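Novice: the following comprises the amino acid sequence and a computationally predicted model.
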Amino acid sequence: MVIAPYIKRDIVGNVILALRDHLPLIGAVVGVLLVIVGGLASNTWREFIRQRKSRRALALALQGEVQALLEILEKRGYIEGLRAAKAQIEATGKFQAYPFSARKKYFSVFEANAGQIGILGSPLSELVARFYAQANSILEDMERFEQSDPATVDPMAAIAAYDKVLSIFEDTVAVGKRIVQEVNRRYSRVLF
């Protein structure tokens, strides 16, 4: 019976002694783990901030381009001009080409960043893609109208074609306005 309490103390003493001997090693391991976790967290946070700034910069640049395009459409009266040309065809029964000219590149921000549109997230990335696809379609249609020989164009087909382009124009303007609103909603506050 005397041996049991003595062995118990000896085992307890050895355990305590063993932990004391390994405390510097345990401290070093814990320290290394904290450095690794801290480094990963720091890098992850920096990358998050960098992506957030890139996303915001791209959204604001596209918003500026879209807003400028919407203002150009309004100031130049393209939709009203198309309606007037269509009304002229309806009144006279003869094809009336609407003089529309877009010789310069108006989509430079989009074209330079087309591969990054996906970082904007939903629904902004979809709206931006839709806006520019429709805008390019409008440019193609207007170029086709401008190059048409008035003597060979069926007036009823021209009216139908103008209706389709007007529909795309109006939808594109609505999408552009939604882009501006969405960017304002998401990025109006300055965040790091």
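Specialist: Okay, I see it.

Novice: how near is residue 52 to residue 33?
Specialist: Distance of residue 52 to residue 33, computed by C-beta to C-beta, to the nearest Å: 28 Å. Any C-beta I mention is one placed from the backbone N, CA and C, and that applies to glycine too.

Novice: where does this structure have low pLDDT?
Specialist: 1-22, 189-192 (pLDDT under 70).

Novice: show me where it has helices.
Specialist: 3-76, 78-92, 108-113, 124-147, 155-187 (DSSP state H).

Novice: just the angle for the longest one relative to helix 124-147, thanks.
Specialist: The directions of helix 3-76 and helix 124-147 differ by 20 degrees, with axes from the mean of the first three to the mean of the last three C-alpha atoms, to 10 degrees as the criterion.

Novice: now helix 3-76, how far from the chain's geometric center?
Specialist: When distances are taken as C-alpha atoms, centre = their mean, to the nearest Å, helix 3-76 is centred 28 Å away from the chain's centroid.

Novice: what angle separates it from helix 78-92?
Specialist: Going by the same axes, to 10 degrees, helix 3-76 makes 40 degrees with helix 78-92.

Novice: helix 3-76 versus helix 155-187: what angle between them?
Specialist: Per the same axes, to 10 degrees, the angle that helix 3-76 makes with helix 155-187 is 140 degrees.

Novice: could you do the fourth one as well?
Specialist: Orientation of helix 124-147 against helix 155-187 (the same axes, to 10 degrees) gives an angle of 150 degrees.

Novice: CA atoms only: put helix 124-147 into CSV for me.
Specialist: C-alpha atoms of helix 124-147 as CSV (Å, rounded to 0.1, in the frame of the first residue of the first chain):
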residue,chain,number,x,y,z
LEU,A,124,-24.7,43.8,-63.0
SER,A,125,-22.6,41.6,-65.2
GLU,A,126,-25.6,40.3,-67.1
LEU,A,127,-27.0,43.9,-67.5
VAL,A,128,-23.7,45.1,-68.9
ALA,A,129,-23.3,42.2,-71.3
ARG,A,130,-26.9,42.7,-72.5
PHE,A,131,-26.5,46.5,-72.9
TYR,A,132,-23.4,46.2,-75.1
ALA,A,133,-24.7,43.3,-77.2
GLN,A,134,-27.9,45.3,-77.9
ALA,A,135,-25.9,48.5,-78.6
ASN,A,136,-23.8,46.6,-81.1
SER,A,137,-26.9,45.2,-82.7
ILE,A,138,-28.3,48.7,-83.1
LEU,A,139,-25.1,49.9,-84.7
GLU,A,140,-25.3,47.0,-87.2
ASP,A,141,-28.9,47.7,-88.0
MET,A,142,-28.4,51.4,-88.5
GLU,A,143,-25.4,50.8,-90.8
ARG,A,144,-27.6,48.4,-92.8
PHE,A,145,-30.3,51.0,-93.1
GLU,A,146,-27.8,53.7,-94.2
GLN,A,147,-26.3,51.5,-96.9
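
Novice: alright, calling it a day.
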